[in-house]
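Enquirer: Dropping the sequence and predicted coords here.
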Amino acid sequence: SQQGEEDPQALSIQEGENATMNCSYKTSINNLQWYRQNSGRGLVHLILIRSNEREKHSGRLRVTLDTSKKSSSLLITASRAADTASYFCATVNTGTASKLTFGTGTRLQVTL
Amino acid sequence: EPEVTQTPSHQVTQMGQEVILRCVPISNHLYFYWYRQILGQKVEFLVSFYNNEISEKSEIFDDQFSVERPDGSNFTLKIRSTKLEDSAMYFCASQLVPGYGYTFGSGTRLTVV
């Protein structure tokens, strides 16, 4: 698999449920970031977790990072219809200044 | 909240023509980027720019591409002779310093016909 693979590719849940998306990567990283994209529009930065951190929270978002497994997960709790979007993980790899390497994304559909 | 502004939102051009995509980054940000996303594919890094020079570029960013920050506020991407495969959404982004998240613009959809 390539650097930054999200799993699942698509996820459909009902409003109020939790959504969990996973990301795997291959190389050593400085940090990992999650972005949201609505319908081919711009990317919105959600959260950044550094390589020496294991968990981070921001509102309804919880991100974990396991550098030994080279994986991260994004949990959205109590999802809303407005959370419907594509979610991407992106890594800043060790040895690069700040270039982002994006994953393939997870399309989240939250229905009423 | 400060925004990164991109113009135009959509540009259609004929193959072989030059295009300039424009971006106004957030005023106090120091690092600037261009990324592109071909329909249905990953977002790909093109180039990063700091202190008025390119700091990193990808294999995609060949001699047909150039970037400029002509007046201290605008940040432009020029494609000299467009190809069909240049059709994509192009995103500009800015960053205060490395180690922080990016602020992306809404993108320019470039269609080469």
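Expert: Noted; the coordinates are in hand.
Enquirer: which residues touch B:Glu68?
Expert: B:Glu68 makes contact with B:75-76, B:78, according to CB atoms under 8 Å, 6 or more residues apart in numbering or on different chains. Bear in mind the C-beta positions are built from the backbone N, C-alpha and C, glycine included.
Enquirer: and the gap between it and B:Leu77?
Expert: Applying CB to CB, to the nearest Å, the value for B:Glu68 to B:Leu77 is 8 Å.
Enquirer: Same question for B:Ser106.
Expert: From B:Ser106 to B:Leu77 the distance is 15 Å (CB to CB).
Enquirer: same check, this time on B:Ile38
Expert: Applying CB to CB to B:Ile38 and B:Leu77 gives a distance of 15 Å.
Enquirer: neighbour count winner among those two?
Expert: Regarding B:Ile38 and B:Leu77, a neighbour count based on other CB atoms under 10 Å in any protein chain shown identifies B:Leu77 as having more, with 24 against 13.
Enquirer: hang on, the more buried one packs against B:Leu46?
Expert: Yes: look at B:Leu77 against B:Leu46 with CB atoms under 8 Å: they come within range, at 7.5 Å.
Enquirer: Spit out the residues that contact these two alike.
Expert: Between them, B:Leu77 and B:Leu46 have B:34, B:65, B:90 as joint contacts when contacts are counted by CB under 8 Å, 6+ apart.
Enquirer: so what's the last one up against?
Expert: Just to be clear, that refers to B:Tyr90. Contact analysis of B:Tyr90 by CB under 8 Å, 6+ apart lists B:6, B:21, B:34-36, B:46, B:77, B:107-110.
Enquirer: near chain A too, which of those?
Expert: Restricting these to those within reach of chain A (CB under 8 Å from any CB of the partner chain) leaves B:35, B:107, B:109.
Enquirer: got those as a markdown table, with pLDDT and secondary structure columns?
Expert: Conversion of the ones next to chain A among the contacts of B:Tyr90 to a markdown table gives the following (pLDDT from 0 to 100; DSSP: H, G, I helix; E, B strand; the rest coil):
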| residue | pLDDT | secondary structure |
| --- | --- | --- |
| B:Tyr35 | 98 | strand |
| B:Gly107 | 96 | coil |
| B:Arg109 | 97 | strand |
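Enquirer: Closest one of those to A:Leu75?
Expert: Of all these, A:Leu75 sits closest to B:Tyr35, with 26.0 Å by CB to CB.
Enquirer: which SS class is the nearest residue in space to the closest one that is not next to it in sequence?
Expert: The shortest distance from B:Tyr35 to any residue that is not its chain neighbour, by CB to CB, 6 or more residues apart in numbering or on different chains, is 4.6 Å, and that residue is B:Phe91. Taken by DSSP: H, G, I helix; E, B strand; the rest coil, the conformation at B:Phe91 corresponds to strand.
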